[in-house]
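Trainee: fold the following.
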Amino acid sequence: MVLTAKIDKSNLEKAYKAVSKGGQKAVDRAKARALKSGAATFSSASKGGAPAVYKIKPADLKSMTTTDKDSLTVKSRLLTIGVSPSHFAMTPTAYASQKGIPVKKRKKMTATIKKGNKKQMAHAFIANPGAINGGHAMMWERKGKGLQPIRSLSAAQMLTNPKVEEAVMKAINETYEKRLDHELERLGL
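Mentor: The predicted structure is shown next:
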């Protein structure tokens with residue numbers, strides 16, 4: 001997913017002035033810095049990014065977010081539920097054999113994707129991590145004759161959350177305004 005920054009129109013006069021005076025590089029540097037600020041906000045809980053709303057580590061989001069001079073790109077792959085290196089939390093957190101326990105009395109799996117919101121997963125279970133090549137404790141479900149890990153939303157879907165998107169856009173616009181002023185001062189405009 002690529003986020004198109006909505007730049008505040010009050011800065012257009014400054015940008016036009018810089019471009020007309022040969023300062024296109026200054027505008028480009030300000031825009032690049034603003035997009036990097038937006039990416040940092042997206043992966044920061046304290047700035048109102050995705051970790052403020054979702055139960056995910058900032059480091060996981062940083063690895064999925066890239067910027068170039070024109071856009072902020074967020075990779076769009078579905079994230080897994082389990083213990084690290086999975087992305088979202090689950091309970092119980094460790095494998096315990098349920099063999100011999102009636103189905104109605106087995107432990108129920110829950111996933112925490114949004115903070116403060118546990119979701120019960122009806123048919124989920126923890127497969128024996130030792131039986132899975134390089135496995136760790138994570139949620140699985142049966143699909144046909146095989147097992148598949150349960151995957152939830154992607155980082156790109158987190159970016160479309162109105163609270164997260166608003167925080168990212170606010171950071172982009174504030175940084176753009178500050179950096180554009182700074183670049184114009186450097187040019188003597």
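
Trainee: in this structure, which spans are strands?
Mentor: Using DSSP state E, the strands assigned to the chain run over residues 2-3, 65-67, 72-74, 78-80, 89-91, 109-114, 117-121, 125-126, 139-143, 146-149, 151-154.

Trainee: what about K145, neighbour count?
Mentor: K145: 5 surrounding residues under other C-beta atoms under 10 Å. Heads up, the C-betas are built off the backbone N, CA and C, glycines and all.

Trainee: now it: how far from D60?
Mentor: Distance, K145 to D60, by C-beta to C-beta, to the nearest Å: 31 Å.

Trainee: picking up where we left off before, and the strands of the chain: which comes nearest E174?
Mentor: strand 72-74 (15.0 Å; C-beta to C-beta).

Trainee: gap between the closest one and the chain center?
Mentor: 10 Å (C-alpha atoms, centre = their mean, to the nearest Å).

Trainee: tell me, how many residues neighbour K108?
Mentor: Residues near K108, counting by other C-beta under 10 Å: 11.

Trainee: I'd like to know how far it sits from K55.
Mentor: 18 Å.

Trainee: again with V27
Mentor: Counting by C-beta to C-beta, the gap from V27 to K55 is 38 Å.

Trainee: quick one: which of these two has more around it?
Mentor: Using other C-beta under 10 Å as the criterion, V27 and K55 rank with V27 on top: 21 against 17.

Trainee: pretty sure the more buried one is in contact with D181, am I right?
Mentor: No. With contact defined as C-beta atoms under 8 Å, V27 does not count as touching D181 (11.8 Å).
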